[in-house]
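Visitor: Below are the sequence and a predicted model; questions follow.
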Amino acid sequence: MERTPNAEQLQVVQNVKDNLIVFASAGTGKTFTVANRIAHILQTEQASPQEILCLTFTTKACEELREDIFHYVGKQAEKVEIRTIHGFCFYLMREEHRRQNDSFCEATVCDEQDCEALLKSILSSRYATWENGQPAEEEAEFEIFSKRGSLRDLVSELKHIREEQELYSDDEKADFQRSFSFLYRSRKERYDELFSLKRGGYVRDEAFESGMQKYAGRLVFAYNDYLRQSNRVDYDDLILFASRFLKNEEIGARWANRYRYIIVDEMQDTSMLEYSVLKRIFGKNNVMMCGDFFQSIYEWRGSNPKWVLGDFIEKYSPKVVMFSENYRSTRT
């Protein structure tokens, strides 16, 4: 028997006029509801498939949603734009580079393992020559840093801070060193987390901290330069390039005008920088943010669900719907 939306879900499916916040924990039928809402939008001709953008967190979630929509509207589902946030930013970046006839549109995306290998390569290559053509005395220490996951996390953090705080000058190394100073001054909890080791408790990794206090700017510059020279980008770059493109009013308006309905899934794991990118395409579109406010697992990478939620409520006056019926859990 075909399942039908319950009363709470029906509010989301049928309300295509108001911006929405949907609090939906696992098992409450969020994907089912989103698929039904998109089907309703198409069946009532509120928008064409190409005018609907749905952003979620994983490729698997994208595939599941597309399959569910296909169940209701058939081949129209293939034209609905369903992407991960990083996938959308990559798509935007390539389109804008193509528009400018820039060969960078063919850039290769490095995954996290590639980036860690790249950092190790940098630290043992000519990029270990940090100043005045002479190898740094701390080169041996950098080899130790390269074995720590925190190094990749630190590089990511500094790249985000530079964009968020607009720390741009003609000296990229100095910009990243300033980003490091901002991290120390203004995000002390995150700073302490990055420079701690778990050894029966958390202790300060003083060697790592001392090295980065001196060389963080040079290290991130070298890493970025290596990516540029090899026509590659990392996941952070996808967000950063999209952010810079969309700051241009003409480009931002062009992308905002593509869509009429925007759905952002897993809002609790959206970083502040990702949210700032998405806001530039919200425009006058109908926007729905959904997820589970109490299950954020990415605060270590910049997600700030309380801030994102507060900003969206303040600026977009959404109606709030909370799903209470769970279809996956037993009563116990």
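Guide: Structure received.

Visitor: What residues sit buried inside the one helix or strand residue 213 maps to?
Guide: For residue 213, the enclosing helix or strand under DSSP states H and E is helix 206-229. Neighbour counts using 16 or more other CB atoms under 10 Å place 208-209, 211-212, 215-224, 226-227 of helix 206-229 among the buried residues. Quick note: C-beta positions are derived from backbone N, CA and C, even for glycine.

Visitor: ok, which pair from those residues is furthest apart?
Guide: Greatest spatial distance in the buried residues of helix 206-229: 209 and 227, 25.0 Å, computed using CB to CB.

Visitor: secondary structure element for the residue positioned nearest the centre of the chain?
Guide: The centre of the chain sits closest to residue 274, judged by CA atoms, centre = their mean, with a distance of 4.6 Å. In the assignment (DSSP H and E), residue 274 maps to helix 272-282.

Visitor: my read: residue 278 touches residue 89, true?
Guide: No. Between residue 278 and residue 89 there is no contact under CB atoms under 8 Å: 9.7 Å.

Visitor: so after the helix or strand of the chain with the lowest mean pLDDT, what's the next helix or strand?
Guide: Of all helical and strand segments in the chain, the minimum by mean pLDDT, DSSP states H and E falls on helix 139-145, at a mean of 47. Scanning forward in sequence from helix 139-145 by DSSP H and E, the next helix or strand is helix 149-164.

Visitor: Can you give the contact residues for that following helix?
Guide: With contact meaning CB atoms under 8 Å, 6 or more residues apart in numbering, helix 149-164 is reached by 112, 115-116, 119, 145, 167-168, 175-176, 178-180, 182-183, 187, 190, 194-195, 205, 208, 212, 216, 219-220, 223-224, 234, 236-237, 239-240, 243-244, 271-273, 276, 300-302.

Visitor: What subset of the residues you listed is buried?
Guide: Using 16+ other CB under 10 Å, the buried ones in the contacts of helix 149-164 are 115-116, 119, 145, 167, 175-176, 178-180, 182-183, 190, 194-195, 205, 208, 212, 216, 219-220, 223-224, 234, 236-237, 239-240, 243, 271, 273, 276, 301-302.

Visitor: Name the spans of the protein whose pLDDT lies under the cut-off.
Guide: Within the chain, the stretches with pLDDT under 70 are 1-2, 103-105, 124-149, 198-202, 293-303, 328-332.

Visitor: residue ranges of the strands in it, please?
Guide: 20-23, 52-56, 81-84, 108-109, 196-198, 202-204, 232-233, 261-264, 286-291, 319-322 (DSSP state E).

Visitor: rewinding a little: outside of the helix holding residue 274 itself, list whatever touches it.
Guide: 53, 55, 85, 89, 160, 163-164, 239-240, 242-243, 246-247, 252, 255-256, 258-259, 262, 264, 270, 302-304, 307-308, 311, 315-316.

Visitor: that older thread, let's have the strands of the chain in JSON lines, adding distance to residue 40.
Guide: As requested, these are exported to JSON lines (distance: least, CB to CB, whole Å):
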{"stretch": "strand 20-23", "distance to residue 40": "13"}
{"stretch": "strand 52-56", "distance to residue 40": "11"}
{"stretch": "strand 81-84", "distance to residue 40": "16"}
{"stretch": "strand 108-109", "distance to residue 40": "35"}
{"stretch": "strand 196-198", "distance to residue 40": "49"}
{"stretch": "strand 202-204", "distance to residue 40": "50"}
{"stretch": "strand 232-233", "distance to residue 40": "37"}
{"stretch": "strand 261-264", "distance to residue 40": "11"}
{"stretch": "strand 286-291", "distance to residue 40": "12"}
{"stretch": "strand 319-322", "distance to residue 40": "15"}
